[in-house]
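J.: Need a 3D model of the following:
(2 chains)
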Amino acid sequence: MFQTVENRVREAFRSHIQNHYATSVEIVIEEPKQASFGEMALPVAFQLAKALKKAPRQIASELAAGIGAIEGVAAMEVAGNGYINVRLDRGSYAHAILTGAAAADTKPGKIIVEHTNINPNKAAHIGHLRNAVLGDTFVRMLRATGNQVEVQNYIDNTGVQVADVVAGFHFLEGKTIDDVRALIDNPERPFDYVCWDLYARTSQHYDANPEIKAKWRGETLHAIEAGHGELSDLGHLVADAIVQCHIKTMLRLGVIYDVLPRESEILHLQFWATAFEQLKERKAIYFETEGKAKGCWVMPSTAFKEGASEEADDNKIIVRSNGTVTYVGKDIAYQLWKFGLLGKDFHYKKLLTYANGHELWQSTVEPQPGEKKFGGGREVYNVIDSRQSYLQDVVVAGLRALGYNDQADRSTHFAYEMVALSPRTCVELGIELSDEDKKKSHVEVSGRKGLGVKADDLIDKLIENAKREVDSRNADRSEAERLQVAQQIAIGALRYFMLKYTRNTVIAFDFQEALSFTGEAGPYVQYAAVRAAKIRGKVLDSGVVANTGQLDAASMNTFLTDEGLWQSLLAASKLEPSLLRATQSGEPAHVAKYAFQLAQSFSGFYQDHRVLEEPDARRQQFLLWMTDLYRRQFERSLDVLGIAAPEFM
RNA sequence: GCGCCCGUAGCUCAGCUGGAUAGAGCGUCUGGCUACGAACCAGAAGGUCGGAAGUUCGAAUCUUUCCGGGCGCACCA
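T.: Got it, this is the predicted structure:
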C-alpha cells in the first residue's frame, strides 16, 4: 500500500516538473529523519536548484503549492532548507489496507539458487549453517516476491576431502566396507561425528608423513574417479551416508532442497568433456608448453583478472598435467548446465520425500522412470564463501570466453564472510590458543584440525536452553508441546543470529551471544507474534465478534490522529517495501531488521493499548484489527526468515 | 608484491541510490508486573563515523592518500 502512494507521489512530481520546468530529474523519496515530519520526504528542490538558479526553499514552496491534490496525500510542507515533506491521509491509507488484497505478480523465468554445498566427509559446522541459512532465506525472499526458484545443493562426492576420509578408514584404520557400514548404522554415535574426528586424525597423519599423503590420497582419488573397486565403493558409501546426515541437520533448521547434482555424474556423464571441447574450440583455454604450468590446459589470467599482464605467471590451471580436471573446470561445466547451455542433462532419481510432501531428487547416471527435469535457469545465484571469489570470477570468465555474456551477467556470486570463533568461545571449547590468537577478535575454524562447533551440537545446546525457559514458564503445557516450542525458539534464535549480520561482516561466533534470547534476537520477534495472536484469541473468546465492516475511512482517521497508533499502522504496513529492497540488494539482514522493528513497534502498541478492556466498541474493533494486522505481518515476515511463530512461549 | 573486504557509542553491529539533530541491541544506571504473559516497556549516560586532503549547496556514504585489521592470489576445494 505504501508503495502505491509512493508511486503516485513520484509520478505527480515527475510530470509536474516536466511540464512546468521543462527538465527531468530522478524523483528520490526518502523516509523523513523524524516521524513528526511526515511519511515521505523529497529533496527534489535541491536537485533543481542549480539548473533553475533559484534557492531550494523557493523551489520547494512553488512545487508544494503548484502540484495540486494527490490521492492519498493529506498535506505537503516545506521544511529545512528546501525539503518537501508529505503527509498521508491516514484514514484512507488505513482503509485501503483493510480492503485491499495485494496479490504478488509472478515473474517469468526460473531462478536457480545453489547453497549449502558441504563436502560430504564430516559433520556440518557453524560456517556451513551461515551458508545454508543465508541461501534458504534468500530463496524464501525470492519466492515471496513472486519468483520461481529451484534450490540446488551440489555434492562434491569425488573430491579430495572425501578421499581423505576414505583413506583414513582404509589405510589408517584398516576398516572394511562392512566395518564402515556398521559405523553408519551405529545409533550410539552419529556417522558424521565419527568422520569429523577421523578427518582430523588423517590430516594430522598426513602432516607428519607427507610422502604417505601423496600415495594414499592419489590412490584413493584415482579409484574414486575411475568409479570401481573397493576404495570407490567406500567413497560412495561414506559420501551418501554423510549427505543423509547433512540433509537431516539442515531439516532441523527448516532448510530443504529440490535437487542434489553430484560431481560423480558430472564426471561419468562426460559433462566436463563436453565443456572442455567448447572451451578449446572457442580458445578460452590453451595448452601450456613451458613454465611451471607446462603440460596443463590453462585459462589466461587476463580473462578473469582486472589489469593482469600478459607475462604474469598467474594463469589458472583448468586441466592438470596428468590429465585430470580441477574443481574450477567441473564448476564451469556445472554452471553451463545450470543455464541450459551444455546440451546435456543428468538423469534423476527421487532421494526422499520430506514430511511436508516436498520431494528431493538426486542426479544419477542411468535413466529413471518418471524422472523430473532440473536446471536451465534464467538467473543463477551461487551462495559461496567470499574467500572463493577468485574462483567464481574464473567460472564467470569461462562463460564470457564462450560468448555467453548475458548468462555471465545473470550469474551472481552470493558471497558472504566466514564464521570464526570468539577467543572466549575457543576457551570454552577447550581449544588452545597461541598468545597471538588471544589478542585477535576472532579465530578461524579448521576442519582439518577438527577445530570448530558442530551444527548439531549447537542446535542441541540451544534447544536445551530454550527448554529450560519454556518449562519454567509453562507448567500447564504438556512435555511434547513444550519440547516443540523449545525447538522453534532455538531455531528462531539460531536463524536470526545468522541473518542479523549483513553478508560481508565476519561473524565472531560467541556462545553467550548466540544463546541470548533477548533484545535483537529471533525469540524477541516470536514473543511479540505470540502476544499478538494471544490477544486476538482472548478478545474473540470474550464474546466480541470481529467486524471490520464498521471501520470506514472517516472513523479510522479519528483513531489515527493518535500519533502512536499511526506510527504502528505505518510500521506494520511496510513489509512489502522492505522485502523488495532486501531482495534487490540481496541482503537477508534487511528482512531480519524489519521483523525486529515490527516487533519493537508491536511491543509499544501492546504497552499503550488494552484491546481486551477497551470500553468503546468501535475503537475496540479498530484495535482488534490492528492487532490482527500485526499478527499477519509477523506470520509473513517470520515465514520469510524461516522462523516459526510458536503457539505459546 | 598484486587483488578484494572492513575500520561508526565501552562491546557487537545497522545506516537503501550522497540529504534535515548519526541509529539499534548488549552492557551500565533510574523507574515500571494483584500480568490482554516483564523473553517486555519507559528514561538516562555514552560517538572528532580510523587520520588527512579533495569533489559538492550538502559526505559515515563518492575520489585520492596514509594508518590499522581480515581474506584471497595451488597441478586443494
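
J.: what's the spacing between A:Asp460 and A:Ile111?
T.: Distance, A:Asp460 to A:Ile111, by CB to CB, to the nearest Å: 34 Å. Any C-beta I mention is one placed from the backbone N, CA and C, and that applies to glycine too.

J.: And the two? Which one has more around it.
T.: Each of A:Asp460 and A:Ile111 has its neighbours counted (other CB atoms under 10 Å); A:Ile111 has more, 21 against 13.

J.: Specify the local secondary structure of the more buried one.
T.: Counting by DSSP: H, G, I helix; E, B strand; the rest coil, the backbone at A:Ile111 sits in strand.

J.: List the beta-bridge partners for it.
T.: Here A:Ile111 sits in beta bridges with A:Val149, A:Glu379, as judged by DSSP bridges.

J.: doesn't A:Arg378 make contact with it?
T.: Yes: the pair A:Ile111 / A:Arg378 is scored as a contact, 6.7 Å apart, by CB atoms under 8 Å.

J.: In chain A, what helix or strand scores lowest on average pLDDT?
T.: In chain A, no helix or strand scores lower on mean pLDDT, DSSP states H and E than helix A:435-439, which sits at a mean of 72.

J.: Which neighbouring elements make contact with the top helix by length along chain A?
T.: In chain A, assigned by DSSP state H, the helix with the most residues is helix A:617-641. Applying 3 or more CB pairs under 8 Å, 6 or more residues apart in numbering; DSSP states H and E, one finds that helix A:617-641 makes contact with helix A:126-144, helix A:479-499, helix A:522-541, helix A:553-559, helix A:563-573, helix A:575-585, helix A:588-608.

J.: what's the angle between the second one and helix A:617-641?
T.: Right, helix A:479-499. Helix A:479-499 runs at 70 degrees relative to helix A:617-641, counting by axes from the mean of the first three to the mean of the last three CA atoms, to 10 degrees.

J.: Return the distance of the helix or strand just after helix A:479-499 from the chain's centre.
T.: The helix or strand immediately downstream of helix A:479-499 is strand A:507-509, counting by DSSP states H and E. The chain centre lies 17 Å from the centre of strand A:507-509; the measure is CA atoms, centre = their mean, to the nearest Å.

J.: again with stretch A:128-136
T.: On CA atoms, centre = their mean, the centre of stretch A:128-136 falls 6 Å from that of its chain.

J.: And stretch A:452-463, by the same measure?
T.: Stretch A:452-463 sits 20 Å away from the centroid of its parent chain (CA atoms, centre = their mean).

J.: hmm, who's touching that stretch?
T.: A:123-129, A:190, A:193, A:196, A:249, A:252-253, A:421, A:425, A:429, A:445-446, A:486-487, A:490-491, A:493-494, A:509, A:511, A:514-515 (CB atoms under 8 Å, 6 or more residues apart in numbering).

J.: buried residues in it?
T.: A:Gly452, A:Val453, A:Lys454, A:Ala455, A:Asp456, A:Leu458, A:Ile459, A:Leu462, A:Ile463 (16 or more other CB atoms under 10 Å).

J.: pLDDT averaged over it - what is it?
T.: Stretch A:452-463 carries an average pLDDT of 93.

J.: how about it, does it reach RNA strand B?
T.: No: Stretch A:452-463 lies out of reach of RNA strand B by CB under 7 Å from any atom of the strand, never closer than 10.5 Å.

J.: Put the alpha carbons of that stretch into CSV.
T.: The C-alpha trace of stretch A:452-463 is given here as CSV (Å, rounded to 0.1, in the frame of the first residue of the first chain):
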residue,chain,number,x,y,z
GLY,A,452,35.0,-25.8,15.3
VAL,A,453,31.5,-26.0,16.6
LYS,A,454,29.4,-28.8,15.1
ALA,A,455,25.9,-27.6,13.9
ASP,A,456,24.0,-30.3,15.7
ASP,A,457,25.8,-29.7,18.9
LEU,A,458,25.0,-26.0,18.7
ILE,A,459,21.3,-26.8,17.9
ASP,A,460,21.1,-29.3,20.8
LYS,A,461,22.6,-26.7,23.2
LEU,A,462,20.1,-24.0,22.1
ILE,A,463,17.2,-26.4,22.5
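
J.: how about the spatially closest residue to A:Ala79 that is not a sequence neighbour, secondary structure?
T.: Closest residue in space to A:Ala79, ignoring its immediate chain neighbours: A:Asn85 at 5.2 Å, by CB to CB, 6 or more residues apart in numbering. Here A:Asn85 is recorded as strand under three-state DSSP.

J.: So what sits opposite A:Asn85 in the bridge?
T.: A:Asn85 has the following beta-bridge partners by DSSP bridges: A:Ala41, A:Glu77.

J.: isn't it right next to A:Pro43, touching?
T.: No: if you go by CB under 8 Å, A:Asn85 and A:Pro43 don't touch, sitting 10.6 Å apart.

J.: Who has more neighbours out of the two?
T.: A:Asn85 (22 against 18).

J.: Give me the local confidence score for the residue nearest the centre of chain A.
T.: Centroid-nearest residue in chain A, with CA atoms, centre = their mean: A:Leu134, separated by 2.3 Å. Note on A:Leu134: pLDDT of 97.

J.: who touches it in this structure?
T.: By CB under 8 Å, 6+ apart, A:Leu134 lies in contact with A:His115, A:Val383, A:Phe414, A:Tyr416, A:Met498, A:Leu499, A:Arg503, A:Pro588.
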